[in-house]
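Enquirer: I'll drop the sequence and a predicted model, then ask my questions.
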2 protein chains.
Amino acid sequence: MEKSCKILADIVNSMTDPNVVSFGGGAPAKEALPVDIVREICNDVLTKEGRGLEALQYGNARGVKDLREAIVDVLLKPKGLDTTADHLVITAGGIEAVYLVCAMLLNPGDVILVESPSFFHCVMSFEMFEAKCIACETDENGLVMEDVEAKIKEYHPKMIYTIPTFQNPTGITMSEERRKRLAEIASAYDVMVLEDDPYRDIRFTGEDLKPIKAFDKTGNVILANSLSKIFSPGARLGYVVADEQFIQKLCDAKTGINTHTNVMAQILAAEFFKRGYYPEHQKKISDLYRERCKLMLDCIDKYFPEGTVHTMPEGGLYTWVTLPEGYNTTEILQRSMETCKIIFVAGETCFVEGNGKGSRCMRLNFASAQPETILSGIKKLGELICSMAK
Amino acid sequence: MEKSCKILADIVNSMTDPNVVSFGGGAPAKEALPVDIVREICNDVLTKEGRGLEALQYGNARGVKDLREAIVDVLLKPKGLDTTADHLVITAGGIEAVYLVCAMLLNPGDVILVESPSFFHCVMSFEMFEAKCIACETDENGLVMEDVEAKIKEYHPKMIYTIPTFQNPTGITMSEERRKRLAEIASAYDVMVLEDDPYRDIRFTGEDLKPIKAFDKTGNVILANSLSKIFSPGARLGYVVADEQFIQKLCDAKTGINTHTNVMAQILAAEFFKRGYYPEHQKKISDLYRERCKLMLDCIDKYFPEGTVHTMPEGGLYTWVTLPEGYNTTEILQRSMETCKIIFVAGETCFVEGNGKGSRCMRLNFASAQPETILSGIKKLGELICSMAK
């Protein structure tokens, strides 16, 4: 737990340190932050006659109504999830969405099935609730359903945690067939699925897939999501979609933790969606990241050791790199931080199995750095890696 | 726990319901919300060259540096608390400050000494951690130290929770002598004091008193505070002042819960303090609330049953009313909600002792309603109360 805090703190701090080249965090590109739009909206609505008093006064635990409606209308219904604003609560970011769901469901000793590899930040949250994470196999189509079913029978988990689209850390997307099957398995065994889907709208190629929640007929799937990658991480906005009764309990917990989410941020996001800025913004960031993804993959092919393989993400922020035998990414990260100040996520951080699993792997964020930084950074990192063959 | 959630939800919802006259919540007056200043700051700083990119990008768990510095320079040092920005973490409001401290310190079954009466929202947070609250006597100078010491010996508490200035719900202020003594007792018995001090800058009369934390020589006092009453509750900004080591652990917990606090709100507050708006704003809200406090107390004297007593707060948001024998404020609240839609906090809500304690008491917020609403609302409420004598 303390070790994972330290790793996480290093990554988070690296994202805002100008002396560091960070391929480590999950930060969007600065070009993807809608500063001008937000300033315009502030100017419009922050008046006493407009929404200024609403923005600065107390709100309620469930969140600003027209933001909840905008999320349903713009982000959920068009993707095949038929729900309403009453099934939704606004949270202070996607991590808080996951934390609140955990606060509702978990007791010490509960088992959670996670993807192998999975997102270390959420694994840390699970550890805060003294849950035990068990890894399930994944392949190029996401979680392997036979292994999920076997692990359910063996461990009787409370919850299955998955990032189905452009997964963190691998960039891999779960197939539609498996999404349907996972919802069925969750119902059949009465296990909860926590679907974490922050990258889904950043797609470079291929067709949109329905969220797992769209296949849920029994209330066993909870969708936790974030506006960090498609609007602003600094705004700390996320949401949970679940049964109304569950949402009510979640609001009570939210009240106990921090009363409600920042109101101004909610109003700004609501206006952003309602005023129709989103489609163009979504295209802009998808185009930007597609280009940067291609550039980074080309650079990896060129500068990393022969035998290196990487995923080919259809969207999102990350590629997952596996170096050939004889390299250790934890050691490489250590050296890299000391010498060229280039940060990435070492593979071992992403596996709950331990025992050195993932020691040849690394997660790289291709989205946040400028093209020239990707070029020079991956070249430098490649040279460092090549110098560290055993 | 479920009952307290329900009461709290009713109060919170009442604050934003235009059909309700709310003397119930802790909302500031709308005239006290600096809408124009915030709009001006937004316009200035939300540019790509200014702080727009910083505002929308990820921040860090500890909080925006110049806000932490501004809090130290403007809110803490002038009040006699000599500390630095490194001893401070920014939270999403005062409730989250309390929650995070609890997450650090409490284990199920731990005892917390609270004032009798105390703030039900924080008591609810303590219950989330399965702590047991024990009430300590209070008088017109706050917590009675002899009783605190006796209860420490009897219950071996982990923590003492106090709101020393213009207390919630009573409006009473702890004397300087007792503040000093409480810090000494905490050291002597190695008990933590959680000092919650959100109203301290809203003073109508009398001299500023040092925070308890200013008398702390052993790190046994933690100051949790809020900007909700002096800047904006919708912004969800608060902070914790403690030892550096404790602050570091608290940052780790904050990372696990919701990564960090909304960055734009932090920048707006930092600029608000740095640009020197605060002294005039503080005077404005203190003047406004002084006037409303006087009006409400006059109305209570005029319209409430003979024999009613109320506190004479030297600041803050609340007065505490005790009706004569034969009245029950829980029943009066029920009737009031059904008929005239006037909300207040029934006294029983504020006592952890149960057994009907406080059933003749009520907490009234004199700050948030317009003068004409105070006049008509207290008159109507007085008439209702008089009609419900037993």
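Expert: All right, it came through fine.
Enquirer: how about low-confidence regions in the stretch 1-150 of chain A?
Expert: Across the stretch 1-150 of chain A, residues meeting the criterion (pLDDT under 70) sit at A:1-6, A:13, A:15.
Enquirer: Please, where are all the strands along it?
Expert: A:21-22, A:88-91, A:111-115, A:132-136, A:138-139, A:142-143 (DSSP state E, counting those that start in this stretch).
Enquirer: The stretch 201-350 of chain A now?
Expert: In the stretch 201-350 of chain A, the strands defined using DSSP E, counting those that start in this stretch lie at A:221-226, A:238-241, A:309-310, A:318-322, A:342-343, A:345-346.
Enquirer: quick one, which of the strands of the stretch 1-150 of chain A is packed in tightest?
Expert: Mean neighbour count (mean count of other C-beta atoms under 10 Å in any protein chain shown) peaks for strand A:88-91 among the strands of the stretch 1-150 of chain A, with a mean of 28. Bear in mind the C-beta positions are built from the backbone N, C-alpha and C, glycine included.
Enquirer: Relative to that one, what are the paired strands and their orientations?
Expert: Strand A:88-91 pairs in its sheet with strand A:238-241 (antiparallel), by DSSP bridges.
Enquirer: before we move on, back to that, now render the strands of the stretch 201-350 of chain A as CSV, adding mean pLDDT, distance to B:T311 and mean neighbour count.
Expert: Shown next, in CSV, are the strands of the stretch 201-350 of chain A (pLDDT from 0 to 100; distance: least, C-beta to C-beta, whole Å; neighbours: other C-beta atoms under 10 Å in any protein chain shown):
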stretch, mean pLDDT, distance to B:T311, mean neighbour count
strand A:221-226, 98, 45, 26
strand A:238-241, 98, 41, 26
strand A:309-310, 98, 68, 17
strand A:318-322, 98, 58, 22
strand A:342-343, 94, 56, 24
strand A:345-346, 96, 56, 26
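Enquirer: ok, A:Y155 - how many residues close by?
Expert: A:Y155: 14 surrounding residues under other C-beta atoms under 10 Å in any protein chain shown.
Enquirer: so it touches A:L113, yeah?
Expert: Yes - counting by C-beta atoms under 8 Å, A:Y155 does reach A:L113; the two are 7.3 Å apart.
Enquirer: the helices in chain A, which residues?
Expert: With DSSP state H applied, chain A shows helices at A:2-15, A:35-45, A:52-56, A:65-70, A:94-105, A:120-128, A:145-155, A:176-189, A:244-258, A:263-274, A:278-303, A:329-338, A:371-387, listed in chain order.
Enquirer: Redo the ones you listed as JSON lines? Include distance to B:C251.
Expert: Shown next, in JSON lines, are the helices of chain A (distance: least, C-beta to C-beta, whole Å):
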{"stretch": "helix A:2-15", "distance to B:C251": "7"}
{"stretch": "helix A:35-45", "distance to B:C251": "27"}
{"stretch": "helix A:52-56", "distance to B:C251": "27"}
{"stretch": "helix A:65-70", "distance to B:C251": "28"}
{"stretch": "helix A:94-105", "distance to B:C251": "14"}
{"stretch": "helix A:120-128", "distance to B:C251": "13"}
{"stretch": "helix A:145-155", "distance to B:C251": "33"}
{"stretch": "helix A:176-189", "distance to B:C251": "35"}
{"stretch": "helix A:244-258", "distance to B:C251": "16"}
{"stretch": "helix A:263-274", "distance to B:C251": "21"}
{"stretch": "helix A:278-303", "distance to B:C251": "30"}
{"stretch": "helix A:329-338", "distance to B:C251": "20"}
{"stretch": "helix A:371-387", "distance to B:C251": "28"}
